[in-house]
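J.: Sequence plus predicted model, see below.
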Amino acid sequence: MEKSKVLNLLWDYFLMTVGSVIFCMAWTSFIIPTGLASGGLTGLCTIIEYATNGAIPMGIPYWIMNIGLLIVGFLSLGRAFGIKTIYVIILTSILFNVLPEFEALKYYGFVENDEKLLAALIGAALEAVGLGLVLLRGGSSGGTDIIAMIINKYWPVSPGRVYLYTDIFIIASLFLLPDKGLIDVVYAYIIMLGFSFGIDYVLLGNKSSVQILVFSSKYHEIADHMIHVMHRGVTALQSVGWYSQKESKVLLIVSRKHQMNEVIKEVKMIDPKAFVSVSTAMSVFGEGFEEVKTGINLKKTNKIEEAK
């Protein structure tokens, strides 16, 4: 194995370790000490333990369910995914037993009335950052993470949406427990929503795209500059100013969100009077952006047609 590959692999495991620690601290320092619940497989297994009054510890269904999901993930996403996920599952299981339940908010003097809301928000943020680091390096903590990665591989559905839909049903089951009420469900949904949006930001934040429309009489200079200097694709759309009835061209530029300011700056340098409109692009597929995800069945159909 090449030295660079070894270093990359070590870097993957280092970031997954850091992410696992952050994820576990979200539970042991904020969620569990304040008596809150959350979604995901961990939340489901916790609810099972509550429902059986501790007769079935959460660790038992956690391992059983993860084994089944690991097999599916291994077959769908490859051996590397399986090994990394096994590593994270073992590590998080150890950390949950090693890390003390440190009541961080009470330590800093927060009273009971406001600590639950803060714990929900901070816990959700830490969960998102921790699992985001794990998922970015090709691993998973198991459970709904595996389901999210499999679905996201074949269909353009963000991981956050997968977590959102599964967690809605898991958290709703809290109503079945006699010692849990509406307020517990509300806090659980706060954690769920915060985690859902947070994980999307961590995983997709640097991939968000924008569509830029440039209205300028110097469209030719701007288009040449974008292509030859900034190496960006440009599409010129025929346009007519309705008031002046003059024909011109509107430039359409698609870029990553973090590159938007640079593109606008270059446009303004060429034509300070240029009118620029920016809109968010939900998804951009093609060269330089994302691959088209068409689903398993369609891929199989295409392979059969090619064979014919």
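T.: Good, I have the coordinates. Numbering: from 1, shown residues only.

J.: neighbours around the nearest residue to residue 216 once chain neighbours are set aside, how many?
T.: Distances taken as CB to CB, 6 or more residues apart in numbering place residue 274 nearest to residue 216, at 3.9 Å, with adjacent residues excluded. (C-beta placed from N, C-alpha, C; glycine too.) Here the number of neighbours of residue 274 (other CB atoms under 10 Å) works out to 18.

J.: Now do the helices for the chain: every range, in order, please.
T.: Secondary structure of the chain by DSSP state H: the helices cover 3-26, 40-51, 59-77, 79-98, 104-107, 112-136, 144-154, 159-172, 182-204, 219-228, 260-270, 296-307.

J.: Would you mind putting the ones you listed into TSV with distance to residue 235 and mean neighbour count alongside?
T.: Below are the helices of the chain laid out as TSV (distance: least, CB to CB, whole Å; neighbours: other CB atoms under 10 Å):
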stretch	distance to residue 235	mean neighbour count
helix 3-26	37	16
helix 40-51	42	21
helix 59-77	36	16
helix 79-98	38	17
helix 104-107	52	16
helix 112-136	32	20
helix 144-154	29	20
helix 159-172	30	19
helix 182-204	24	19
helix 219-228	9	16
helix 260-270	14	16
helix 296-307	28	10
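
J.: Tell me which of the ones you listed sits nearest to residue 241.
T.: Of all these, helix 219-228 sits nearest to residue 241, with 12.8 Å by CB to CB.

J.: For that closest one, which helices and strands make contact with it?
T.: strand 247-256, helix 260-270 (3 or more CB pairs under 8 Å, 6 or more residues apart in numbering; DSSP states H and E).

J.: Adding mean pLDDT, write the ones you listed out as CSV.
T.: Below are the helices and strands packed on helix 219-228 laid out as CSV (pLDDT from 0 to 100):
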stretch, mean pLDDT
strand 247-256, 90
helix 260-270, 90
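
J.: Distance to residue 96 added to these, as TSV?
T.: TSV is the format used below for these (distance: least, CB to CB, whole Å):
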stretch	distance to residue 96
strand 247-256	37
helix 260-270	41
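
J.: Quick check: which of those is nearest to residue 146?
T.: Within the helices and strands packed on helix 219-228, the stretch nearest residue 146 is strand 247-256; the backing value is 28.2 Å (CB to CB).

J.: Quickly run through the sheet partners of that closest one, with directions.
T.: Applying DSSP bridges to the sheet, strand 247-256 is found paired with strand 209-215 (antiparallel), strand 235-240 (antiparallel).

J.: Alpha carbons of it, in PDB - could you do that?
T.: Taking Å, rounded to 0.1, in the frame of the first residue of the first chain, the C-alpha atoms of strand 247-256 are listed here in PDB:
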ATOM      1  CA  GLU A 247     -31.600  42.900 -27.700                       C
ATOM      2  CA  SER A 248     -28.900  41.700 -25.400                       C
ATOM      3  CA  LYS A 249     -27.700  38.500 -23.600                       C
ATOM      4  CA  VAL A 250     -28.100  37.400 -20.000                       C
ATOM      5  CA  LEU A 251     -25.300  35.300 -18.700                       C
ATOM      6  CA  LEU A 252     -26.200  32.200 -16.600                       C
ATOM      7  CA  ILE A 253     -23.400  31.000 -14.300                       C
ATOM      8  CA  VAL A 254     -23.700  28.100 -11.900                       C
ATOM      9  CA  SER A 255     -21.200  27.900  -9.000                       C
ATOM     10  CA  ARG A 256     -20.700  26.500  -5.500                       C
END
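
J.: Number the residues from 22 up from this point.
T.: From this message on, residue numbering opens at 22, which makes the last subject strand 268-277.

J.: That strand to helix 281-291, inter-axis angle?
T.: For strand 268-277 against helix 281-291, the angle by axes from the mean of the first three to the mean of the last three CA atoms, to 10 degrees is 150 degrees.
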